[in-house]
Structure formats: structure tokens, C-alpha cells
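Visitor: got a predicted structure here, sequence first:
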Amino acid sequence: MEATIARTPLYDVHVAAGGKMVPFAGYEMPVQYGSIIAETQAVRSSAGMFDVSHMARLKFTGDRVLEFLEQITTNDVSKLANMEGQYSLLPNPNGGCVDDIIVYRISPTEFRMVVNASNHAKDVAWIKSQNTFGVTIEDQTDATAMIAVQGPIAADIVANLASDPASFAGLSFFGVCDGVVAGATVFAARSGYTGEDGFELICDAEDAAELWTTLKENGVSECGLGSRDILRVEAGLPLYGHELNDELSPMAAGLGWVISKTKSFVGSGPINQARAEGTPTKLQGIRFESKRFPNIGADVKVGGAVVGQVCSGVYSPTLGCGLAFAFLNSDVKIGTACEVDLRGKDEPATVVSKRFMAKPKA
């Protein structure tokens with residue numbers, strides 16, 4: 001029996017706009033509308049939007065909800081003020097990752113979480129299995145939609161469409177607010193997955209199409225999964241299943257900055273050991289001299305010897321060259337010349353910081 005493919009509340013809007021629909025994480029999603037390169041450039045130069053309704057949205061309530069989330073996530077949830085969010089991880093007992101997530105504190109007894117679409121069922125089952133704290137967990141995914149509006153002018157466009165522009169314009173990174181945008185009641189977070197400014201807007205499913213259409217009428221370009229992947233690699237952001245998985249320590253992926261050094265949590269023992277002792281491999285950036293880019297799993301070589309494998313690869317229109325993430329032997333340093341197997345041909349490249357878009361320090 002074939003698995004059922006779900007559709008987001010914006011499916012009909014995507015089809016009407018000529019979106020090329022593909023299966024992704026159990027949903028029919030637009031990979032592109034026209035040119036993936038043009039969509040990438042729109043986000044870097046002005047504003048673009050993505051349907052991210054396939055990502056799961058969970059609500060947690062209860063007197064011990066903070067204690068519960070401190071136990072099952074790596075970051076310091078206790079440091080969040082009301083209406084603030086943070087990037088974090090759901091670790092497993094072996095020190096690997098169940099998923100990478102966003103946690104939002106609404107009040108001392110209410111939190112929200114966004115998790116990856118491909119891990120939706122797994123995450124919910126895992127979280128429930130750890131819930132010995134009497135916390136109520138509500139899955140709000142099907143009842144809501146989520147739109148990411150990203151780019152240098154994205155935040156201004158959203159604020160200008162809000163009934164209270166100041167409440168949106170005044171938010172700091174990872175700040176959240178409730179409000180009304182283009183007539184839709186939204187939960188807005190100043191965050192994203194592109195390295196640009198913007199908002200992720202959660203609204204009722206029935207309001208999504210009108211909100212999307214109004215954003216488009218106000219100069220926001222429709223963008224698909226293809227450009228989103230390019231943008232997140234350019235910005236140095238990991239994708240679960242590529243740079244993170246159940247077996248790999250997040251320390252190898254360079255995510256020690258979202259892992260508490262002071263609290264005890266599920267898997268903290270193995271993760272602290274990896275922090276202290278190091279990991280056999282380390283996630284690095286690879287920059288090519290040409291516009292070519294590698295397939296996942298391609299060998300990376302230094303002096304003819306294989307030193308690691310590629311886990312993500314894209315052509316970057318922003319930088320005009322191929323880019324990749326790769327897990328390399330931990331002794332391979334930034335600046336090392338390397339070659340990557342591109343379909344049987346060794347392509348010259350250089351090991352660089354995985355923050356490809358970051359400006360060099362003076």
C-alpha cells in the first residue's frame with residue numbers, strides 16, 4: 001500500500017501559481033515556481049516567502065512544562081523570557097539527535113515547539129515517551145499553516161501589513177508576538193532558515209491562502225524548496241538527515257553553542273564526553289573553484305587520501321560557485337586544499353568555514 005501524501009493549506013495556491021510540486025517529508029511541496037536561482041536572489045536582495053506548513057507545530061502546557069523541556073532539550077530553556085524563542089536539539093540517550101527544533105516560551109506554563117516535517121511522528125512519540133511531568137502536549141500542525149517571509153525588506157513588508165506595525169518592527173531576533181497581518185491572526189517569530197531577516201508566521205489553516213496572496217501582492221516572491229536549500233547552505237545552517245542524525249554527536253556538527261554546559265538532560269553524558277574529548281570527524285565547509293557541486297556521499301580527498309564525505313552540496317548564485325558541507329577527519333584544517341569526487345572526476349576545492357556568507361574578521 002502506498003503511503004498517503006499530505007497537502008498543506010496552500011497546495012491550491014501553489015498549483016495555481018505554477019509551482020512544480022514534488023513529494024517531500026510526506027507532503028506535496030513546491031520545489032520551484034520558475035528559476036531556483038532567481039528565487040534565491042530574490043531572498044538575498046529583497047523578499048521571498050516559503051510555505052513551511054509541513055513542519056510540525058506543538059504546544060506544551062502544565063505547571064512542570066519548563067522542567068520537562070529542560071530535561072528533553074539541550075539548550076537552556078530557563079534563560080528564555082516570555083515571548084522569546086531559541087534554537088535547540090532533542091537529544092537521545094546515546095548523545096545523538098532525535099531532531100533539531102525551535103522552542104518558544106509564551107508564559108511560565110505554556111511553550112511551543114516547531115520540529116522537522118520528516119521527523120514529525122518520531123518526535124511526537126519520543127516526546128510523549130519522556131513525559132513523566134504531567135505536561136499536556138497538543139499537536140497543532142493540521143489546524144494551522146506556517147509561512148516564512150525572508151529577505152532584507154521582508155520584516156518591513158510584514159510590519160507594514162500588521163495592524164500594530166510597531167509590535168512587529170520592534171522584535172529582536174527570536175522574539176515572538178501575537179498580532180494581525182493582512183487580516184490574519186498570527187503567531188510571529190523573527191527568525192528563519194536563510195541567513196536573512198524576516199518572520200515565520202503561524203496562522204489558522206483557513207487564513208493561509210489570503211495571507212500568502214496579500215504578501216505576494218506586496219512584493220514578496222514565491223519561493224520553493226530548491227532555493228530554500230541553497231539559502232540555508234549559504235548561511236551555514238544544518239539540515240536534519242544531512243548534518244544531523246540519531247547516531248552522530250551534535251558536537252561533530254559544530255552545535256556546541258546550543259548545548260548547555262551546566263544542566264543535566266537526556267544524553268548529556270555522551271555529549272559532554274564528546275565536547276571534552278573531541279569527535280573523529282568535524283563538519284566543515286567546502287568551496288569550489290567552479291560552479292560544479294557534488295552529490296551527497298561524494299569523497300573528499302587531501303593529497304589523494306580520502307578524508308571525509310559530503311553531506312550537502314549546492315550551486316550558490318550569491319557566491320558564484322559550488323558549495324558543500326562535509327564531515328572531515330578532525331585534523332583537517334580550514335584553508336586546506338582538497339579535491340572532491342564529482343561523478344568520477346576530482347574537482348579542486350578548499351576547506352573553508354561552513355559560514356560561507358560570514359564576513360571575514362578585520
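Guide: Perfect, thanks for sending it.
Visitor: for Asp63, give me its contacts.
Guide: Residues in contact with Asp63 (C-beta atoms under 8 Å, 6 or more residues apart in numbering) are Thr109, Gly134. Quick note: C-beta positions are derived from backbone N, CA and C, even for glycine.
Visitor: should've said Leu215
Guide: When contacts are counted by C-beta under 8 Å, 6+ apart, Leu215 touches Met49, Ile147, Val149, Ile157, Val158, Leu161, Ala182.
Visitor: mind running it again at 6 Å?
Guide: Met49 (C-beta atoms under 6 Å, 6 or more residues apart in numbering).
Visitor: dihedrals phi and psi, it?
Guide: Dihedral pair for Leu215: phi -60, psi -40, per degrees, to the nearest 10.
Visitor: so for stretch 148-163, what gets flagged as buried?
Guide: 148-151, 153-159, 161-162 (16 or more other C-beta atoms under 10 Å).
Visitor: quote the end-to-end distance of it.
Guide: For stretch 148-163, the first and last residues are 19 Å from each other (C-alpha to C-alpha, to the nearest Å).
Visitor: and Val258, what are its phi and psi?
Guide: Dihedral pair for Val258: phi -110, psi 20, per degrees, to the nearest 10.
Visitor: distance of the residue nearest the centre of the chain relative to Ser227?
Guide: In the chain, the C-alpha nearest the mean C-alpha coordinate belongs to Tyr193, at 4.9 Å (C-alpha atoms, centre = their mean). Tyr193 sits at a distance of 11 Å from Ser227 (criterion: C-beta to C-beta, to the nearest Å).
Visitor: again, but for Arg287
Guide: Distance of Arg287 to Ser227, given as C-beta to C-beta: 20 Å.
Visitor: between these two, which one's more packed in?
Guide: Ser227 (28 against 17; other C-beta atoms under 10 Å).
Visitor: for the more buried one, which non-adjacent residue is spatially closest?
Guide: Glu39 (3.8 Å; C-beta to C-beta, 6 or more residues apart in numbering).
Visitor: where's that neighbour relative to Ser191, distance?
Guide: Distance from Glu39 to Ser191, by C-beta to C-beta: 20 Å.
Visitor: give me the pLDDT value at Leu80.
Guide: Looking at Leu80, its pLDDT is 98.
Visitor: show me the contacts for the residue nearest to the centre of the chain.
Guide: Neighbours of Tyr193 in contact, by C-beta under 6 Å, 6+ apart: Arg232, Leu237.
Visitor: before we move on, what SS does it have?
Guide: coil (DSSP: H, G, I helix; E, B strand; the rest coil).
Visitor: same deal with Val176?
Guide: From three-state DSSP, the assignment for Val176 is strand.
Visitor: per-residue confidence for it?
Guide: With respect to pLDDT, Val176 scores 98.
Visitor: against Phe187, how distant is it?
Guide: 7 Å.
Visitor: gap between the two ends of stretch 47-64?
Guide: Stretch 47-64 has its terminal residues 40 Å apart, counting by C-alpha to C-alpha.
Visitor: might you list the low-confidence residue ranges for this protein?
Guide: When residues are selected by pLDDT under 70, those of the chain lie in 1-3, 359-362.
Visitor: how's it carved up into domains?
Guide: For the chain, automatic domain parsing gives the domain ranges 6-51+142-234, 56-139, 280-352.
Visitor: would a markdown table of those with distance to Gly269 be doable?
Guide: Output for the domains of the chain, formatted as a markdown table (distance: least, C-beta to C-beta, whole Å):
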| stretch | distance to Gly269 |
| --- | --- |
| domain 6-51+142-234 | 28 |
| domain 56-139 | 7 |
| domain 280-352 | 18 |
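Visitor: of all those, which lies closest to Val258?
Guide: Closest to Val258 of these, according to C-beta to C-beta: domain 56-139, at 4.9 Å.
Visitor: count of residues packed around Glu67?
Guide: Glu67: 13 neighbours (other C-beta under 10 Å).
Visitor: then it would be within a strand, right?
Guide: No: looking at Glu67 with three-state DSSP, it is helix, so not inside a strand.
Visitor: return the residues in contact with it.
Guide: Taking C-beta under 6 Å, 6+ apart, we find Glu67 in contact with Phe133.
Visitor: against Val306, how distant is it?
Guide: 46 Å.
Visitor: now Glu28
Guide: The value you get for Glu28 to Val306, if C-beta to C-beta is used, is 38 Å.
Visitor: these two: which is more packed in?
Guide: For Glu28 versus Val306, neighbours defined as other C-beta under 10 Å are more numerous around Glu28 (17 against 12).
Visitor: I figured the more buried one hits Ile5, correct?
Guide: Yes: applying C-beta atoms under 6 Å as the test, Glu28 and Ile5 come out as touching, 5.4 Å apart.
Visitor: just say helix, strand or coil for Ala38.
Guide: Ala38 - assigned by three-state DSSP - is helix.
Visitor: Ser249 is nearest to which of the domains of the chain?
Guide: Once those are compared by C-beta to C-beta, domain 56-139 is nearest, at 5.3 Å.
Visitor: quick one: end-to-end length of the closest one, please.
Guide: Terminal residues of domain 56-139 lie 8 Å apart, using C-alpha to C-alpha.
Visitor: gap between the two ends of stretch 330-339?
Guide: End-to-end distance (C-alpha to C-alpha), stretch 330-339: 17 Å.
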